[in-house]
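S.K.: give me a model of this one.
(chains A and B)
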Amino acid sequence: MAAALALAAGGAIAADDVHPASKPKGQYAALNGLPDWGGVWVLEFQRGGTPNPAPEPKGAYKEHYLKMKAEADANHGEFPREGRSYCAPPGIPYHIGLAQYPTEFLFTPGRVTVLMEAWTQWRRIYTDGRTHPPDLEATFYGDSIGHWEGDTLVVETVGLKPGSLIATGIGHSDKEKITERIHLSPTDTDQLMDEVTVNDPEALEKPWTATYRYRRHREWELLEFACAENDRNPVGAAGVAGFKE
Amino acid sequence: MHRKAACLGLAAALIAGAPALAHHSFAMFDRQKEVTLKGTVKEFQWTNPHSFIEIEVADDKGVTTAYSVEMNSPNNLTRQGWKSTSLKAGDKVVLLMNPLRDGSKGGLFVSVMLPDGKVLGDPTRVPGGPAAKPG
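M.R.: Got it, this is the predicted structure:
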């Protein structure tokens, strides 16, 4: 009987591992105290101000970046694709700075869900006090836990797959930790800001910090993007995008 | 039949008309050149990750050449005013594209003039209009 239950549950989840986010009833009233992030948000191009700095890779990560950069310079700026398909999602922090494809935030008890139109994916940010699991399998968007400091959502993400690049040509180690401080602009309540810090003592000379701003569109809805439908741009032999006529 | 893209046109294309940089690099297309195609739509592929216009262009002797023109994804095209029915097979159109660098018969969509004269795509680049002439 016990063995059958364990199989049904995936074999690794004990009853006392159920967190508050999985038992939401009675917790919805508290959500009214959270800030208004309603609508759909799309990245804004920065006008004026200080542009975000570039991450500074070091050691083998720097050598790799310079090699990729040299290939890009020799081919009209195209960095070789390091994955097997252009339909693979970029992960974070890349998606945080992704243009054109909007996101939407859902508040439910114990978690914030980020719906991402690009690749029709989601991020889960648990705010129910749990910690990162000890035996984390790396994924494109990692494992995110967060908490509210006033009206700012502070998020910490670990467990990112190698395919989740810090920036084009810049990979990361398994020591990578991404911290985000997400809040409405103090001067513009239809602008959301995400202050991102990437810590990776093995891959970066110093923590990399960037701020991204998003514009609110209350009238928009998220639409579907299903990459595999008709992919006519395969990864070529040298990691260069192809074109199927 | 090409010209240097004006800075304004290029900037507008990057914001409004260009396919999603999220998916793959567009280095395969020569963004400094524009080619005008006057032809007949064979198929409008309203698909992810990119939509495509398959168009046939006839020369003076009636010999046709098929071109594939890559576009944005349907979600972004929808927000730019497109529908899956915006183009259909048989439509006579004038289309502007940034050609493939390797000379293959295809390119990156810039704008198109529909049979009724309506223009979709980069509003600063009207196909067949004064702005599209070699300069």
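
S.K.: okay, CA-based contacts and neighbour counts for the rest of this
M.R.: OK.

S.K.: what strand or helix carries residue B:95?
M.R.: For residue B:95, the element it lies in under DSSP states H and E is strand B:92-99.

S.K.: what's that strand packed up against?
M.R.: Judged by 3 or more C-alpha pairs under 8 Å, 6 or more residues apart in numbering or on different chains; DSSP states H and E, strand B:92-99 is in contact with strand B:35-45, strand B:106-113.

S.K.: now the helix or strand where residue B:65 lies and strand B:106-113, what's the angle there?
M.R.: Secondary structure assignment for residue B:65, by DSSP H and E: strand B:64-70. Orientation check (axes from the mean of the first three to the mean of the last three C-alpha atoms, to 10 degrees): strand B:64-70 against strand B:106-113 gives 90 degrees.

S.K.: now the following helix or strand past strand B:64-70: buried residues?
M.R.: Note on strand B:64-70: by DSSP H and E, the next helix or strand toward the C-terminus is helix B:74-79. Across helix B:74-79, burial judged by 16 or more other C-alpha atoms under 10 Å in any protein chain shown covers B:74-77.

S.K.: equivalent analysis for stretch A:139-155, please.
M.R.: Buried residues in stretch A:139-155 (16+ other C-alpha under 10 Å): A:140-147, A:152-155.

S.K.: in strands only, show me those residues.
M.R.: A:143-147, A:152-155 (DSSP state E).

S.K.: need the per-residue pLDDT for residue A:23.
M.R.: On the pLDDT scale, residue A:23 is placed at 87.

S.K.: quick one: it from residue A:158, how far?
M.R.: 25 Å (C-alpha to C-alpha, to the nearest Å).

S.K.: neighbour count for these two, which is higher?
M.R.: residue A:158 (20 against 11; other C-alpha atoms under 10 Å in any protein chain shown).

S.K.: residues making contact with stretch B:59-67?
M.R.: A:245, B:54-58, B:105-107 (C-alpha atoms under 8 Å, 6 or more residues apart in numbering or on different chains).

S.K.: for the residue nearest the centre of chain A, give its distance to residue A:116.
M.R.: Centroid-nearest residue in chain A: residue A:92, 3.3 Å away (criterion: C-alpha atoms, centre = their mean). Relative to residue A:116, residue A:92 is positioned 12 Å away (C-alpha to C-alpha).

S.K.: restrict the strand holding residue B:65 to CA atoms and write it as CSV.
M.R.: The C-alpha trace of strand B:64-70 is given here as CSV (Å, rounded to 0.1, in the frame of the first residue of the first chain):
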residue,chain,number,x,y,z
THR,B,64,7.6,32.5,-62.8
THR,B,65,10.1,32.4,-59.8
ALA,B,66,8.9,31.5,-56.3
TYR,B,67,10.1,33.5,-53.3
SER,B,68,9.7,32.8,-49.6
VAL,B,69,9.4,35.9,-47.4
GLU,B,70,9.9,35.5,-43.7
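
S.K.: element containing the nearest residue to residue A:122 once chain neighbours are set aside?
M.R.: Distances taken as C-alpha to C-alpha, 6 or more residues apart in numbering or on different chains put residue A:115 closest to residue A:122, at 4.5 Å, once the chain neighbours are dropped. Counting by DSSP H and E, the element that carries residue A:115 is strand A:111-116.

S.K.: helices or strands up against that strand?
M.R.: With contacts defined as 3+ C-alpha pairs under 8 Å, 6+ apart, strand A:111-116 has these neighbours: strand A:103-108, strand A:121-126.

S.K.: which of the residues in the last one are buried?
M.R.: The neighbour-count check on strand A:121-126 (16+ other C-alpha under 10 Å) flags A:122-126 as buried.

S.K.: rounded mean pLDDT for that strand, please.
M.R.: 96.

S.K.: shouldn't the residue nearest to the centre of chain A be in contact with residue A:165?
M.R.: Yes - the pair residue A:92 / residue A:165 is scored as a contact, 7.2 Å apart, by C-alpha atoms under 8 Å.

S.K.: what is in contact with those two at once?
M.R.: Common neighbours of residue A:92 and residue A:165 (C-alpha under 8 Å, 6+ apart) do not exist.

S.K.: show me which residues of chain B sit near chain A.
M.R.: B:20, B:22-28, B:47-50, B:67-68, B:73-76, B:104-106 (C-alpha under 8 Å from any C-alpha of the partner chain).

S.K.: on that earlier part again, pLDDT, distance to residue A:217 and neighbour count for the contacts of stretch B:59-67 - can I get that in JSON lines?
M.R.: Converted to JSON lines, the contacts of stretch B:59-67 look like this (pLDDT from 0 to 100; distance: C-alpha to C-alpha, whole Å; neighbours: other C-alpha atoms under 10 Å in any protein chain shown):
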{"residue": "A:245", "pLDDT": "85", "distance to residue A:217": "37", "neighbour count": "15"}
{"residue": "B:54", "pLDDT": "98", "distance to residue A:217": "33", "neighbour count": "19"}
{"residue": "B:55", "pLDDT": "98", "distance to residue A:217": "35", "neighbour count": "26"}
{"residue": "B:56", "pLDDT": "98", "distance to residue A:217": "39", "neighbour count": "21"}
{"residue": "B:57", "pLDDT": "97", "distance to residue A:217": "40", "neighbour count": "16"}
{"residue": "B:58", "pLDDT": "95", "distance to residue A:217": "44", "neighbour count": "14"}
{"residue": "B:105", "pLDDT": "97", "distance to residue A:217": "39", "neighbour count": "13"}
{"residue": "B:106", "pLDDT": "97", "distance to residue A:217": "35", "neighbour count": "26"}
{"residue": "B:107", "pLDDT": "97", "distance to residue A:217": "32", "neighbour count": "29"}
